[in-house]
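Q: no sequence on this one, just coordinates:
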């Protein structure tokens with residue numbers, strides 16, 4: 001998927017890395033940050049992009065047990081990015097510290113969507129329903145899962 005910026009009455013194509021077919025250039029989400037910065041999720045990492053300078057930085061998560069570079073979606077609340085993954089649940093990226101942490105309330109599964117509502121993080125999963133997490137405590141407020149007689153799930 002190509003990424004374009006419309007600026008000064010013209011479209012400009014932006015590549016993150018020299019290979020247009022690289023997983024880093026498959027963009028899965030975007031939010032506007034602060035100070036000319038946009039945050040993008042991709043199949044190759046979390047991208048911090050400065051629209052004025054054209055500079056970008058790619059972040060991936062790694063610990064002793066797992067490496068995550070495929071991010072499916074994101075949401076911004078204050079100085080934290082909430083990142084959905086394709087199989088590793090939800091990660092939290094502290095912008096000020098440039099550091100990842102795992103959200104223990106949603107630590108596995110495919111995250112399809114994330115939105116913020118006041119101090120809550122609403123997390124839509126692929127088969128495990130919706131989880132609502134308090135941003136201030138990091139604890140689950142509530143979780144919904146609907147199962148129908150036909151054998152299908154609502155979320």
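A: Sure thing, it's come through. Fair warning: this is a prediction, and the values are worked out from it, not measured in the lab.
Q: what ranges of this protein fall below the confidence cut-off?
A: 1-3, 15, 19-22, 24, 64, 143-155 (pLDDT under 70).
Q: Residue 74 is in contact with residue 48, correct?
A: No - with contact defined as CB atoms under 8 Å, residue 48 does not reach residue 74; the gap is 11.6 Å. Glycine gets a C-beta too; all of them are placed from N, C-alpha and C.
Q: Tell me which of those two has more neighbours.
A: Counted by other CB atoms under 10 Å, residue 48 and residue 74 do not tie: residue 74 has more neighbours, with 23 against 19.
Q: quick one, what contacts the more buried one?
A: Counting by CB atoms under 8 Å, 6 or more residues apart in numbering, residue 74 makes contact with 29, 30, 31, 39, 41, 46, 81, 82, 83, 84, 114.
Q: ok, 7 Å please
A: 29, 31, 39, 41, 81, 82, 83, 84, 114 (CB atoms under 7 Å, 6 or more residues apart in numbering).
Q: Just put those in a markdown table and tack on neighbour count and secondary structure.
A: Shown next, in a markdown table, are the contacts of residue 74 (neighbours: other CB atoms under 10 Å; DSSP: H, G, I helix; E, B strand; the rest coil):
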| residue | neighbour count | secondary structure |
| --- | --- | --- |
| 29 | 19 | strand |
| 31 | 17 | strand |
| 39 | 22 | strand |
| 41 | 23 | strand |
| 81 | 25 | strand |
| 82 | 25 | strand |
| 83 | 27 | strand |
| 84 | 28 | strand |
| 114 | 24 | strand |
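Q: and which of those residues is nearest to residue 99?
A: Minimum distance to residue 99 across these is 11.2 Å, recorded for residue 81 (CB to CB).
Q: Report the contact partners of that closest one.
A: Counted by CB under 7 Å, 6+ apart, residue 81 has contacts 39, 74, 93, 95.
Q: Over to residue 142?
A: residue 132.
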